[in-house]
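[1] Pasting the sequence and the predicted coordinates here, then a few questions.
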Amino acid sequence: MDRYIEKFVRYLEIEKNASPHTVLNYRRDLEAFVVFLEGQEILKTDYLLVRRYLAFLKEKRLTARSIARKLSALRSFFRFLVREGLLGINPTDAIVSPKQEKPLPKFLTEEEMVRLIEAPKADTVKGLRDRAIFETLYSTGLRISELVSLTEESVDFVGGTVRVMGKGRKERMVPIGDRALRAIRRYLSQRKADSRTIFLNKNKKPLGVRGVRKVMDQYLRFMTLKTHVSPHTIRHSFATHLLGRGADLRSVQELLGHANLATTQIYTHLTTEKLKAVYDKAHPRA
């Protein structure tokens, strides 16, 4: 049974060029399914067995989102087995993914973003670094994983762009504003370290995703914001503010590195809600 999973994992890595994060999650989901099978041959999996597994996951009170992800892993795995001639039919073909509620992403107002960006003091190297982190995240809309992988070579200080490797190892060019570039330059001019990675921790090592979260939490303790904020909230704010100021959806999709336009469309709900609020307040017969 393990050999089928290993073959599938190699297929994901080599042919599909899947990210390590995706490969790890698919492996875990498949191993959990193997545990559920209790020794039963995986090639004998049928529609009813998959349905029982989904019911088992629901009994464990997993969210619809988690169940859908696990079903997606099974669907891809069995599709691979069919392609390899190991199965005649994909037992997940007739199964519909559970309906998921899509909560609207939380975002900061433009005023709140300014407060957060200006919270770090510019009189220390750490303060310069933290200001550069916030400026860069808000200027580019990068994912945190993309931010921490930035090197001096990936930033074009003349052309005003950054080159990032996004999900699925897809490279894209993203514009970056002058304020963010100035913040990065000021930080690099004061940073005493021989590293091409831009953002470093106190030990002169590349700052990680958890490190960025800790940095943000430090400043949020001193700010009274009305919603829970994470580094990803800045990405949501970036998209929402662009759309609110008239940017078209396709452009925002490209900037965010979304493969599917539907992923970007969730931000239109936020701008629609804002328009409705303005309408209700301003229209005499609203």
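    Looks like it came in fine. Numbers count the residues shown, from 1 in each chain.

[2] quick one, phi psi at the residue nearest to Lys7 when sequence neighbours are not counted?
    Using Cβ to Cβ, 6 or more residues apart in numbering and skipping residues adjacent in sequence, the residue nearest Lys7 is Glu84, 7.4 Å away. C-beta here means a position set from N, CA and C on the backbone, and glycine is covered the same way. For Glu84, the backbone dihedrals (degrees, to the nearest 10) come out as phi -80, psi 0.

[3] now do Val155
    Torsion angles, degrees, to the nearest 10, at Val155: phi -110, psi 120.

[4] where does it land on pLDDT?
    What the model reports as pLDDT for Val155 is 96.

[5] Tell me how far the nearest residue to Met216 once chain neighbours are set aside lies from Val209.
    With sequence-adjacent residues excluded and distances taken as Cβ to Cβ, 6+ apart, Met216 is closest to Pro231, at 5.4 Å. Note on Pro231: its distance to Val209, by Cβ to Cβ, to the nearest Å, is 8 Å.

[6] who touches both of those two?
    Between them, Pro231 and Val209 share these contacting residues under Cβ atoms under 8 Å, 6 or more residues apart in numbering: Ile144.

[7] Enumerate every residue touching Val11.
    Val isn't right for residue 11; it's Tyr. Residues in contact with Tyr11 (Cβ under 8 Å, 6+ apart) are Phe80.

[8] if we go to 10 Å?
    Residues in contact with Tyr11 (Cβ atoms under 10 Å, 6 or more residues apart in numbering) are Ala18, Ser76, Phe77, Phe80, Arg83, Glu84.

[9] neighbour count winner among Pro231 and Val209?
    With neighbours defined as other Cβ atoms under 10 Å, Pro231 and Val209 compare such that Pro231 has more, 19 against 14.

[10] Would you check that Arg191 makes contact with Gly127?
    No. Look at Arg191 against Gly127 with Cβ atoms under 10 Å: they stay out of range, at 11.9 Å.

[11] ok so, going back, who wins on neighbours among the contacts of Tyr11?
    Compared across the contacts of Tyr11, Phe77 has the highest neighbour count, 25 neighbours, by other Cβ under 10 Å.

[12] Could I get the contacting residues of that one?
    Per Cβ under 10 Å, 6+ apart, neighbours of Phe77: 4-5, 8-9, 11-12, 26, 29-30, 33, 42, 45, 87, 90, 92.

[13] try 8 Å
    By Cβ under 8 Å, 6+ apart, the contact set of Phe77 is Tyr4, Ile5, Phe8, Tyr26, Leu30.

[14] Met173 now?
    Met173 sits next to Thr161, Val162, Arg163 when contact means Cβ under 8 Å, 6+ apart.

[15] what about Ala55, which SS state?
    Per DSSP: H, G, I helix; E, B strand; the rest coil, the secondary structure class of Ala55 is helix.

[16] can you map out the strands along the stretch 101-250 of the chain?
    Here the stretch 101-250 of the chain has its strands, by DSSP state E, counting those that start in this stretch, at 155-156, 161-165, 171-175.

[17] Report the residue spans of the stretch 1-150 of the chain with pLDDT below the cut-off.
    1, 100-104 (pLDDT under 70).

[18] next one: stretch 16-34 to chain centre, how far?
    In terms of Cα atoms, centre = their mean, to the nearest Å, the centre of stretch 16-34 is set 17 Å apart from its chain centre.

[19] List the buried residues of that stretch.
    For stretch 16-34, the neighbour count (16 or more other Cβ atoms under 10 Å) marks Ala18, Ser19, Thr22, Val23, Asn25, Tyr26, Arg27, Asp29, Leu30, Phe33 as buried.

[20] Also stretch 204-214?
    Pro206, Leu207, Gly211, Val212.

[21] ok, now how distant is the first one from Val155?
    Translated: Pro206. Counting by Cβ to Cβ, the gap from Pro206 to Val155 is 15 Å.

[22] tell me the contacts of the spatially most central residue of the chain?
    For the chain, Arg143 is the residue whose C-alpha lies nearest the centre (Cα atoms, centre = their mean; 5.7 Å). Arg143 makes contact with Gly166, Lys167, His232, Arg235, Gly257, according to Cβ under 8 Å, 6+ apart.
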